[in-house]
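S.K.: next input, structure requested:
(4 chains)
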Number of protein chains: 2
Amino acid sequence: MPVDPTSDRAVFRQIADELRQEIKSGTLPPGARMASERELMTRFGASRGTIRQALAVLSSEGLTDVQHGRGVFVRKRPPIMRLSSERFTRQLRDAGKGAFQAETEAHGFEPRQEILELGVVPAPAYVASRLGVHEGARVFVRRRRMWADDVPMQLADSYFRYGMVRGTPIVEKDAGPGGSYARLEELGYRLARFREDLVARMPSPEEARALHLGPGVPVVSLIRTAYDTEGKPVEVFDSVVAGDKHTFSYEIPAD
Amino acid sequence: MPVDPTSDRAVFRQIADELRQEIKSGTLPPGARMASERELMTRFGASRGTIRQALAVLSSEGLTDVQHGRGVFVRKRPPIMRLSSERFTRQLRDAGKGAFQAETEAHGFEPRQEILELGVVPAPAYVASRLGVHEGARVFVRRRRMWADDVPMQLADSYFRYGMVRGTPIVEKDAGPGGSYARLEELGYRLARFREDLVARMPSPEEARALHLGPGVPVVSLIRTAYDTEGKPVEVFDSVVAGDKHTFSYEIPAD
DNA sequence: GAGTGGTCTAGACCACGAC
DNA sequence: TCGTGGTCTAGACCACTCG
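M.R.: Below is the predicted model:
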């Protein structure tokens, strides 16, 4: 079904529709190389600019991956990690596994954290309000990039009241077995519950680079607040999660 | 800081960087009109094609809205609705309010549902596995588009075993006060818990149209399974939620 | 009508990857 | 070396919005 230049619909959109259909129908399966831009020019009788506009549409929808000098390929879905609300069980912490480590290993990958920053900073407004301190108060931040094998999965910043973690393993590069949550409990802050707030959005160019995201891949901004049994917030966790590599799963009681 | 044509970084990316910086810094506040393409051509000394490439970058990042014949504007964040895990309390159902109605009214909007389809269909694989029926089994589907005032918020498909809801208000246009969940409980299926699975991704062109999404706006695919006190799945709810109009909030116990 | 973005063309040169 | 995508230009005509 060739393009109709008299149609109201722009030619590049018709071309995009055609190619999208071939992808969705499986005529072009994941990993397949699409025809080159020059080939598509003759196939559709359009200029290169128009062909490139059509390909840009598919790219922005997250359907393709472009490799300079090689071609345009139908995107393969990478392995998806499931982050479920059960990842915060005390059982896991007691076993010496942090939430990220446990989930990653459960999926058969090797977890790794790359420290980007450790230090005392003034609390940003959104952290202060959740952590129950005033804006600008001294808080300790652990900023990391988390990897599964060789794939960057998320950017993760943990904030603590400085007075609470000073001199503990939480301010060290390696927070020890079970991670920060295990250390907090050893310090006497028994964890009672977490709240997670999620928003989906497109990444900034820096985030896209740090997480190796192609065009048309959103991120999930996830902010978690951890409360102890007194109802006091003890940590604010601010992360940017690669949208194409995760699902989130929550259990909700009906009452 | 004008562009540097000798730089490795493409001219259109440098222009995009410059304009993005003006947006993030507030020099160009939300709602402001950006300079026209012709004006940007003289400002940056580039051809129109290059200027449009730069503007396309900002658009794909969700930073701008384009209005044909009027100009390019810095995108305003629309009012954001918070979907919290507390929206499924029995208290609300007993008060005759479904989850969507309750959340929408809590934000000061008027909820409305537009029925797209009501009928018996063969169960798709992902529904069948969650609902505990075999693929292709007869299930009843309620397909709607949900609105808050005049803004489309989500596409929502509810699936039920047909034998379970046949002849009940659930197969009618208006499922009645408290929605389907209230009807299910009246039928003797007391709800015990829900599971929600979320994925962020870019919308298909149809989804973008149905939800009035601009370029660079992702959606959240949310699939909820409702279980009764026997542990039996009684509904599968498959929705596509406008990413720029929602946050999600979940409470997680620590044990 | 004047100004704005939307679409399309034709052609040029560059950078990357595979053979 | 050759084919692939990446970038940029100059120009044309169209469609929408506003005064």
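
S.K.: what secondary structure does A:V133 sit in?
M.R.: coil (DSSP: H, G, I helix; E, B strand; the rest coil).

S.K.: residues touching the closest residue to it other than its chain neighbours, list them.
M.R.: Using C-beta to C-beta, 6 or more residues apart in numbering or on different chains and skipping residues adjacent in sequence, the residue nearest A:V133 is A:A123, 5.6 Å away. C-betas here are computed from N, CA, C, even on glycine. When contacts are counted by C-beta atoms under 8 Å, 6 or more residues apart in numbering or on different chains, A:A123 touches A:131, A:133-139, A:159.

S.K.: between those, which is closest to DNA strand C?
M.R.: A:E135 (37.7 Å; C-beta to the nearest atom of the strand).

S.K.: residue contacts, that closest one?
M.R.: Residues near A:E135 by C-beta under 8 Å, 6+ apart: A:122-125, A:128-129.

S.K.: if we use 6 Å, what do you get?
M.R.: Going by C-beta atoms under 6 Å, 6 or more residues apart in numbering or on different chains, A:E135 touches A:125, A:128.

S.K.: for it, give me phi and psi.
M.R.: Phi and psi for A:E135, reported as degrees, to the nearest 10, are phi -60, psi 130.

S.K.: so what pLDDT did it get?
M.R.: What the model reports as pLDDT for A:E135 is 94.

S.K.: swap in A:L40?
M.R.: On pLDDT, A:L40 comes in at 96.

S.K.: try A:S158
M.R.: You'll see A:S158 listed with a pLDDT of 96.

S.K.: which ones are touching it?
M.R.: A:142, A:180, A:235, A:237.

S.K.: helix, strand, or coil at the second one?
M.R.: Just to be clear, that refers to A:S180. helix.

S.K.: quick check: phi and psi on the closest residue to it other than its chain neighbours?
M.R.: Computed as C-beta to C-beta, 6+ apart, the closest residue to A:S180 that is not its neighbour in sequence is A:I170, at 5.3 Å. Phi and psi for A:I170, reported as degrees, to the nearest 10, are phi -70, psi -30.

S.K.: contacting residues around the helix or strand bottoming out on mean pLDDT in chain A?
M.R.: Lowest mean confidence among the helices and strands of chain A (mean pLDDT, DSSP states H and E): helix A:90-94, at a mean of 76. With C-beta under 6 Å, 6+ apart as the test, helix A:90-94 has contacts from A:102, A:178, A:181-182, B:255.

S.K.: TSV for the residues you listed, including neighbour count and distance to DNA strand C?
M.R.: Formatted as TSV, the contacts of helix A:90-94 follow (neighbours: other C-beta atoms under 10 Å in any protein chain shown; distance: C-beta to the nearest atom of the strand, whole Å):
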residue	neighbour count	distance to DNA strand C
A:A102	22	36
A:G178	22	41
A:Y181	25	41
A:A182	23	43
B:D255	9	49
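
S.K.: okay if I get these as a markdown table plus pLDDT?
M.R.: Shown next, in a markdown table, are the contacts of helix A:90-94 (pLDDT from 0 to 100):
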| residue | pLDDT |
| --- | --- |
| A:A102 | 87 |
| A:G178 | 82 |
| A:Y181 | 90 |
| A:A182 | 88 |
| B:D255 | 77 |
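
S.K.: of the residues you listed, closest to A:Q154?
M.R.: Using C-beta to C-beta, A:A102 comes nearest to A:Q154 of those, at 14.7 Å.

S.K.: check which helix or strand that closest one maps to.
M.R.: Secondary structure from DSSP states H and E places A:A102 in helix A:99-106.

S.K.: so which bits of that helix are buried?
M.R.: Neighbour-count burial for helix A:99-106, counted by 16 or more other C-beta atoms under 10 Å in any protein chain shown, picks out A:99-104.

S.K.: kindly export that helix (C-alpha atoms) in PDB.
M.R.: Coordinates of each C-alpha in helix A:99-106 appear next as PDB, following Å, rounded to 0.1, in the frame of the first residue of the first chain:
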ATOM      1  CA  ALA A  99      16.500  -4.500  48.100                       C
ATOM      2  CA  PHE A 100      18.400  -3.800  44.900                       C
ATOM      3  CA  GLN A 101      20.800  -6.700  45.400                       C
ATOM      4  CA  ALA A 102      18.000  -9.100  46.100                       C
ATOM      5  CA  GLU A 103      15.900  -8.200  43.000                       C
ATOM      6  CA  THR A 104      18.900  -8.200  40.700                       C
ATOM      7  CA  GLU A 105      20.100 -11.600  41.800                       C
ATOM      8  CA  ALA A 106      16.600 -12.900  41.600                       C
END
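
S.K.: where along the stretch 151-255 of chain A do the helices fall?
M.R.: A:162-165, A:179-186, A:205-210 (DSSP state H, counting those that start in this stretch).

S.K.: please save the CA atoms from the longest one in CSV.
M.R.: What that stands for is helix A:179-186. The C-alpha trace of helix A:179-186 is given here as CSV (Å, rounded to 0.1, in the frame of the first residue of the first chain):
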residue,chain,number,x,y,z
GLY,A,179,22.6,-2.0,52.9
SER,A,180,21.5,1.2,54.6
TYR,A,181,18.3,-0.2,55.9
ALA,A,182,20.0,-3.0,57.8
ARG,A,183,22.3,-0.4,59.4
LEU,A,184,19.4,1.9,60.3
GLU,A,185,17.8,-1.0,62.1
GLU,A,186,21.0,-1.7,64.0
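
S.K.: I am finished for the moment; much appreciated.
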